[in-house]
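**Q** Below: sequence and its predicted model.
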Amino acid sequence: MIRVVEGHRRVQHASMVDEMYRIRAAVFNDRLGWDVTVTNGREIDRFDDENPLYLISLDENTGRVQGSLRLLPTTGPNMLRDVFPVLLPPDQVVESPLIWESSRFSINPDIPHRVAGGAPNGLLNQVTIELLCGIVEICQLAGIRFVVSVYDARMARIFKAADCPAEVIGTPTRIGKVMTYAGLFEISDDMRRRLGRAGDLSSPVLESARQCEPEAA
């Protein structure tokens, strides 16, 4: 189940958001060794002050945070433009009210790896597919047509396994120890169907949509 949390309402979900920040520290600092700032065990950056939209995967039985990501409009501060402009051709900027940026995609390293239901191999985590489905669903509700993201070679393999194609924009560049890409993902019914097949997730994953589903007779 995906809960959508608006940045300016973080205080209303303080415990859940705090757990999200701790997971981000465990993933990006401890596990991947990225150059991020961790304070008191939490990874928080300046883009968290830009009123982002958080998608948080919750275990329906325990309420535990399983993973999360952050969405920001490209009409304001975002990571591709302000941190990774080297990935784009000179003078090119991705900026449109119809394009959002996804960042800080992270899965709780302390939960067991659950292989996605429709995946042909063990590469895809069910929580990963759930979050990707959540992106498509929330963007369709908001009238967003594309999502842009900066990701590494590991995530590129995951996107391929999930049948989640991206248009690579600019030139892939080695940043630190990893090859890094900027990709543009089209939001569509077809994308949602492909992700649903990869994770055996045909029903909506957003909490609000699930609550509106009629009960089986």
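**A** On my side now, so go ahead. Numbers count the residues shown, from 1 in each chain.
**Q** Check the offset of the longest helix that the chain contains from the chain's centre.
**A** Identified as the longest helix of the chain according to DSSP state H is helix 126-142. Distance of helix 126-142 from its chain centroid, counting by C-alpha atoms, centre = their mean, to the nearest Å, is 8 Å.
**Q** Against which helices or strands is that helix packed?
**A** Judged by 3 or more C-beta pairs under 8 Å, 6 or more residues apart in numbering; DSSP states H and E, helix 126-142 is in contact with strand 2-6, strand 53-58, strand 65-73, strand 99-107, helix 189-199. Glycine gets a C-beta too; all of them are placed from N, C-alpha and C.
**Q** of all these, which lies closest to residue 134?
**A** For the helices and strands packed on helix 126-142, proximity to residue 134 was assessed by C-beta to C-beta; strand 2-6 is nearest, at 3.8 Å.
**Q** what's the helix or strand just after the closest one in contact with?
**A** Later in the chain than strand 2-6, the nearest helix or strand by DSSP states H and E is helix 14-24. Contacting residues not belonging to helix 14-24 are listed as 3, 5, 10, 36, 41-44, 54, 56, 58, 63-65, 67-68, 104, 106-109 [C-beta atoms under 8 Å, 6 or more residues apart in numbering].
**Q** let's see it at 6 Å
**A** With contacts defined as C-beta atoms under 6 Å, 6 or more residues apart in numbering, helix 14-24 is touched by 10, 41-44, 56, 65, 68, 104, 106, 108.
**Q** Could you turn the buried ones of the residues you listed into a PyMOL selection?
**A** To isolate the buried subset of those in PyMOL, counting by 16 or more other C-beta atoms under 10 Å, use the following:
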select buried, resi 10+42+43+44+56+65+68+104+106+108
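**Q** how about low-confidence regions in the protein?
**A** Residues of the chain that meet the criterion pLDDT under 70 lie in 117-122, 209-217.
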